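**Q** Got a predicted structure plus its sequence, pasted below:
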Amino acid sequence: MLKTLAFSSLLIMLCSCGTTKGVLDGAGSVLEGLASDVRSVGDYLN
């Protein structure tokens, strides 16, 4: 119960200051970079 409450509080604090959007945008950029790296490795193998 305490973990759930702490997580909810943290999530609300992040959402209220707009940090969640920044974190998600950053994670999306990292995933796009990984995807392009994997595609380039796949091109080398073909």
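**A** Noted; the coordinates are in hand. Predicted model, so just to flag it, every value in this text is computed and none were measured. Numbers count the residues shown, from 1 in each chain.
**Q** Scan this protein for its longest helix.
**A** Across the chain, the longest stretch assigned as helix under DSSP state H is helix 19-45.
**Q** Okay, buried residues for that helix please.
**A** For helix 19-45, the neighbour count (16 or more other CB atoms under 10 Å) marks no residue as buried. Quick note: C-beta positions are derived from backbone N, CA and C, even for glycine.
**Q** Distance from the chain centre to that helix, please.
**A** Taking CA atoms, centre = their mean, to the nearest Å, one finds the center of helix 19-45 at 10 Å from the center of the full chain.
**Q** who does it touch, helix- and strand-wise?
**A** helix 2-17 (3 or more CB pairs under 8 Å, 6 or more residues apart in numbering; DSSP states H and E).
**Q** by how many degrees do the helix it packs on and helix 19-45 diverge?
**A** Orientation of helix 2-17 against helix 19-45 (axes from the mean of the first three to the mean of the last three CA atoms, to 10 degrees) gives an angle of 90 degrees.
**Q** Pull the contacting residues for Ser29.
**A** Ser29 makes contact with no residue, according to CB atoms under 8 Å, 6 or more residues apart in numbering.
**Q** mind checking how far the residue minimising distance to the centre of the chain is from Leu45?
**A** The chain has Ala27 as the residue nearest its centroid, 3.0 Å off, counting by CA atoms, centre = their mean. Using CB to CB, to the nearest Å, Ala27 is found at 27 Å from Leu45.
**Q** okay, and for this structure, where does confidence drop off?
**A** Scanning the chain for pLDDT under 70 picks out 14-18, 20.
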